[in-house]
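> can't give you the sequence, but here's the structure:
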């Protein structure tokens with residue numbers, strides 16, 4: 001038996017569609033209302049959910065822990081109402097929960113149509129219906145599927161984390177390649193502004209709760225950048241880079257610090273930080289893409305070539321690397337070599353039509369100069 005747990009506030013517009021879509025996946029659906037002023041609770045109950053109320057206390061972890069207490073299934077999965085699992089993946093989830101107990105990390109695909117996000121990647125057509133109208137996304141790996149009755153608990157007022165509790169329970173991380181399609185960032189500027197304001201308040205409370213929480217420090221740096229206060233984020237990130245634990249938090253702090261250094265005209269320091277990133281975490285694509293981008297911008301052609309060679313050996317034909325390779329070839333006047341690379345980028349990133357146009361321009365220039 002699989003229980004869905006979800007917390008909600010004023011989700012009447014999405015509730016029925018969400019519950020009907022996932023109805024065949026779950027044996028039990030639990031909705032915890034955190035103070036709605038619309039018909040969220042009524043619509044949830046009409047569509048088969050068990051509905052509970054929770055007094056909001058500026059703490060997502062507390063609300064999720066309350067929702068977990070209501071679950072009666074042997075397995076539990078949590079989703080939000082701006083998320084969706086593709087029906088083609090339902091069977092795989094049902095098969096997994098027939099097996100041995102494990103705590104599964106699923107990739108949350110956060111659809112985001114602004115390529116400047118430091119971990120943005122293009123849609124690839126794996127889920128055509130889910131990806132329709134979206135240029136790309138960034139991934140957040142999260143514990144989403146796990147056995148009930150292990151006394152697991154989320155921690156943190158916002159960007160709540162189950163990982164410490166999973167580790168305490170003696171489970172090693174298990175990956176399940178079933179994306180959770182998240183549309184929260186493409187639902188309009190008004191919703192994004194409201195969410196960012198709330199997260200900004202809660203992140204500051206989270207840092208006050210535990211000033212030594214490195215993850216909370218990184219989250220505060222993100223908030224400051226969103227608030228156009230990037231200079232204030234620099235000392236926070238410098239402290240993280242110097243004293244923080246190795247792993248994803250450190251890598252993300254390094255890349256963000258390098259971005260802020262670059263914006264502050266400290267390009268050599270930015271490149272040095274990114275070199276440290278790829279040495280410490282060579283399997284993280286976005287450290288390499290940022291390093292190569294900064295090397296190209298600084299006209300460090302030989303270093304950019306060397307970094308590109310290593311990255312391509314590691315990640316293969318990745319469109320983000322090919323996009324940078326195309327830029328490098330054009331900058332170094334290798335126009336003919338750039339043409340097939342630009343064509344390939346256009347094939348792999350169908351939403352980025354400018355690369356077909358770029359290939360056409362390169363081809364016209366090459367013909368004019370008698371290169372082809």
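Here it is on my side, so go on. Keep in mind it's a predicted model, so treat the numbers as computed, not measured. Numbers count the residues shown, from 1 in each chain.

> next, residue 181: phi, psi?
phi -80, psi 110 (degrees, to the nearest 10).

> which residues touch it?
Each residue near residue 181 by CB atoms under 8 Å, 6 or more residues apart in numbering is listed here: 83, 84, 85, 86, 109, 111, 127, 130. Every residue, glycine included, has its C-beta placed from N, CA and C.

> just the pLDDT for it.
Residue 181 is assigned 98 on the pLDDT scale.

> same question, residue 130
96.

> paired strands for the one helix or strand residue 7 maps to, with orientation please.
For residue 7, the element it lies in under DSSP states H and E is strand 2-8. Sheet pairing of strand 2-8 (DSSP bridges) gives strand 28-33 (parallel), strand 75-78 (parallel).

> present the ones you listed as TSV; the columns should include mean neighbour count.
TSV is the format used below for the strands paired with strand 2-8 (neighbours: other CB atoms under 10 Å):
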stretch	mean neighbour count
strand 28-33	22
strand 75-78	23
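
> got these as a markdown table, with mean pLDDT and distance to residue 272 columns?
Below are these laid out as a markdown table (pLDDT from 0 to 100; distance: least, CB to CB, whole Å):
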| stretch | mean pLDDT | distance to residue 272 |
| --- | --- | --- |
| strand 28-33 | 98 | 47 |
| strand 75-78 | 98 | 41 |
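
> can I get those in TSV including distance to residue 220?
Formatted as TSV, the strands paired with strand 2-8 follow (distance: least, CB to CB, whole Å):
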stretch	distance to residue 220
strand 28-33	27
strand 75-78	25
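
> of these, which is nearest residue 276?
With respect to residue 276, and counting by CB to CB, the nearest of the strands paired with strand 2-8 is strand 75-78 at 35.6 Å.

> chain center to that closest one, what's the gap?
How far strand 75-78 lies from its chain's middle: 20 Å, per CA atoms, centre = their mean, to the nearest Å.

> all strands for the chain, in order.
All strands of the chain, identified by DSSP state E, fall at 2-8, 28-33, 50-53, 75-78, 83-84, 104-111, 121-122, 136-147, 174-175, 180-182.

> contacts for the fifth one next, please.
Think strand 83-84. Contacts for strand 83-84 (CB under 8 Å, 6+ apart): 18, 21, 22, 108, 130, 180, 181, 182, 183, 184.

> neighbouring strands for that strand, and are they parallel or not?
Checking strand 83-84 against DSSP bridges gives partners strand 180-182 (antiparallel).

> elements contacting the lengthiest helix in the chain?
Counting by DSSP state H, the longest helix found in the chain is helix 189-209. Applying 3 or more CB pairs under 8 Å, 6 or more residues apart in numbering; DSSP states H and E, one finds that helix 189-209 contacts helix 214-226.

> and residue 91, how far from residue 84?
16 Å (CB to CB, to the nearest Å).

> more neighbours, these two?
residue 84 (20 against 10; other CB atoms under 10 Å).

> ok, now how distant is the more buried one from residue 109?
For residue 84, the distance to residue 109 - CB to CB - is 10 Å.

> what sits in contact with each of these two?
Joint contacts of residue 84 and residue 109 (CB under 8 Å, 6+ apart) are 180, 181.

> and the residue lying closest to residue 192 once chain neighbours are set aside, what does it touch?
Among residues not flanking residue 192 along the chain, residue 185 sits closest, at 6.4 Å (CB to CB, 6 or more residues apart in numbering). By CB under 8 Å, 6+ apart, the contact set of residue 185 is 110, 111, 112, 192.
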